[in-house]
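Undergrad: sharing a sequence plus its predicted fold:
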Amino acid sequence: MTCPFSRRKGGPYTLLNKALFLMQNILFDLDGTLIDHFSAIHRGVAYAQQKLGLPESDYATVRATVGGSVPITLGKLCGEEHVEAAIPYFRDHFAEIMYDDVEIIPGSDWLLKALKTNGHKLGVFTNKYETHAAAILEHLGLAQYLDVIVGTGHGHGHRKPDPRFTMEALERMACASDEAAMVGDSPYDFAAAQAGCLPCYLLATGSHTAEQLADATGSSTIFNDLRELGERVFSIT
Ligand SMILES: O=C(O)COP(=O)(O)O
């Protein structure tokens with residue numbers, strides 16, 4: 001694979017255990033990685049389905065589907081022919097309820113704070129609408145650790161795993177691919193990292209179990225949670 005965003009001669013770094021100083025910049029996925037927002041997302045999807053007279057998806061189905069952005073999730077759960085009609089119902093209802101059902105995933109605060117203290121530059125790289133992501137991160141007190149929040153909804157339609165979206169995230173972090181790493185919970189995150197030649201650390205705290213992540217991605221860097229990741233990869237105790 002060639003890496004279009006590398007600053008270094010000799011091609012991309014492909015080793016997942018590359019030295020920490022090469023991972024000065026860390027991009028975190030949001031849903032299922034730093035926050036648990038699945039209940040509100042489920043309510044938003046069910047509201048759109050009700051409004052359109054469609055059968056309602058249950059919580060487990062919605063949870064397992066999240067990760068590709070609202071249009072992708074709605075397409076899978078409502079049917080492609082209903083996506084355009086479902087989006088405004090979801091978006092408007094979600095904006096009303098998004099502070100009701102949201103929790104920090106254990107270890108988020110601890111890891112972001114420690115990495116920031118250790119001098120890392122931190123970003124959120126999410127398929128969530130950027131306005132929603134920024135508002136929620138502020139609400140939860142996590143925005144203070146983040147240098148950049150990159151999300152969807154800018155009109156260009158880019159989303160993980162589109163390589164253009166990974167490039168946008170790296171540009172906004174002002175770093176090259178061989179100076180960064182990605183942390184996420186879904187195959188979308190893994191593919192987005194691959195699209196930018198970033199090492200990717202996966203967590204079994206979101207839409208997929210560790211086994212499902214291994215099956216879907218073949219990754220060998222899958223962790224049970226953020227604490228295990230922080231201790232084993234970043235030597236934070
Ligand atoms: O809104 C989504 O589909 C998921 O967003 P994420 O990229 O933070 O997992």
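TA: Okay, I see it.

Undergrad: which residue is nearest the centroid of this protein?
TA: Nearest to the mean C-alpha position of the chain, by CA atoms, centre = their mean, lies D29 at 2.3 Å.

Undergrad: do you know how far it is from S39?
TA: Counting by CB to CB, to the nearest Å, the gap from D29 to S39 is 18 Å. In this view, the C-beta of every residue, glycine as well, is placed from N, C-alpha and C.

Undergrad: still on that earlier bit, now do the same contact list for the residue nearest to the centre of the chain.
TA: Contacts of D29 were listed using CB atoms under 8 Å, 6 or more residues apart in numbering, and they are 124-126, 182-186, 189, 206.

Undergrad: if you set the cut-off to 10 Å instead, what comes out?
TA: D29 is in contact with 35, 67, 124-128, 160, 182-186, 188-190, 192-193, 200, 202-203, 206, counting by CB atoms under 10 Å, 6 or more residues apart in numbering.

Undergrad: of those residues, list those near the ligand.
TA: By CB under 6 Å from any ligand atom, the members of the contacts of D29 lying near the ligand are 67, 126-128, 160.

Undergrad: quick one: residues contacting the residue of the chain most remote from its centre.
TA: Centroid-distance maximum for the chain: G53 at 30.4 Å, with CA atoms, centre = their mean. With contact set as CB under 10 Å, 6+ apart, G53 has these partners: H82.

Undergrad: residues of the protein that sit close to the ligand?
TA: So the chain meets the ligand at 29-32, 66-70, 73, 126-128, 160 (CB under 6 Å from any ligand atom).

Undergrad: next, count neighbours for the nearest residue to D147 once chain neighbours are set aside.
TA: Among residues not flanking D147 along the chain, K121 sits closest, at 5.1 Å (CB to CB, 6 or more residues apart in numbering). Residues near K121, counting by other CB atoms under 10 Å, number 18.

Undergrad: what about the longest strand anywhere in the chain, distance to the chain center?
TA: In the chain, assigned by DSSP state E, the strand with the most residues is strand 121-129. Strand 121-129 sits 6 Å away from the centroid of its parent chain (CA atoms, centre = their mean, to the nearest Å).

Undergrad: again, but for stretch 207-216
TA: Stretch 207-216 has its C-alpha centroid displaced from the chain centroid by 15 Å (CA atoms, centre = their mean).

Undergrad: what residues of that stretch count as buried?
TA: Using 16 or more other CB atoms under 10 Å as the test for burial, stretch 207-216 gives 207-208, 213.

Undergrad: now for the nearest residue to M98 once chain neighbours are set aside: which residues touch it?
TA: Leaving aside its sequence neighbours, M98 sits nearest to A40 (CB to CB, 6+ apart; 5.4 Å). A40 sits next to 93-94, 96-102, 132, 136 when contact means CB under 10 Å, 6+ apart.
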